[in-house]
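Peer 1: Could you look at this predicted model? Sequence included:
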Amino acid sequence: MTDPVPRRTAPADLDPLADLFDRLWHVAHSGHVPPELEALRTRPDFLRRLLGFGDGLRVIGPVGKPQGFAAVVGNHLDQLYVAQQLWGTGAARVLMDDALARIAAAGHRTAVLECNVHNLRAAAMYRKSGWTERGVERVMLDSAAGPFGLDCLVFDRAL
């Protein structure tokens, strides 16, 4: 993929996007979160979460074959994933920049994100992209069973 352009999600994107979210979440988190959280992270739950982002969700890739996505909730970059074949290509940066522009356009002066403390690749990318690490904080994550507390690296970035 050359020069990916973030776009709104089309109905044909949702099922393959749930598959992508499911696969990539497990690549990044399996064995690094409590078993109770891992058990809650199922494909139906990923689809539920994607639907919940509404207009805050942007994807890259052809309709019906999304290759990555970013979800914004308020001033929060809630999710950012790109297919493994796009790692190192700048695709994540394109999605991140789009998310930051949307957060700023909504009037926020600071963006926030959380990262699994064991996801060293993502944390390094955030630092390289201008995010400031605040440290480890207890974060309440969305789950089908209700809020789930997890210690995460928290980053913020002035806009």
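Peer 2: Received it, and whenever you're ready, just let me know what you need.
Peer 1: Tell me what the residue nearest to the spatial centre of the chain is bridged to.
Peer 2: Centrality entry for the chain: nearest residue to the mean C-alpha point is Gln79, 1.5 Å, by CA atoms, centre = their mean. Beta-bridge partners recorded for Gln79 (DSSP bridges): Ala71.
Peer 1: In contact with it, which residues are there?
Peer 2: Residues in contact with Gln79, defined by CB atoms under 8 Å, 6 or more residues apart in numbering, are Phe21, Arg49, Phe53, Phe69, Ala70, Ala71. Quick note: C-beta positions are derived from backbone N, CA and C, even for glycine.
Peer 1: Ok, Gln67 next?
Peer 2: Shown in contact with Gln67 (CB under 8 Å, 6+ apart): Met1, Pro4, Leu20, Val59, Ile60, Gly61, Val82, Ala83, Gln85, Leu86, Ala91.
Peer 1: Spell out which two among those residues are the most distant pair, please.
Peer 2: Val59 and Gln85 (15.5 Å; CB to CB).
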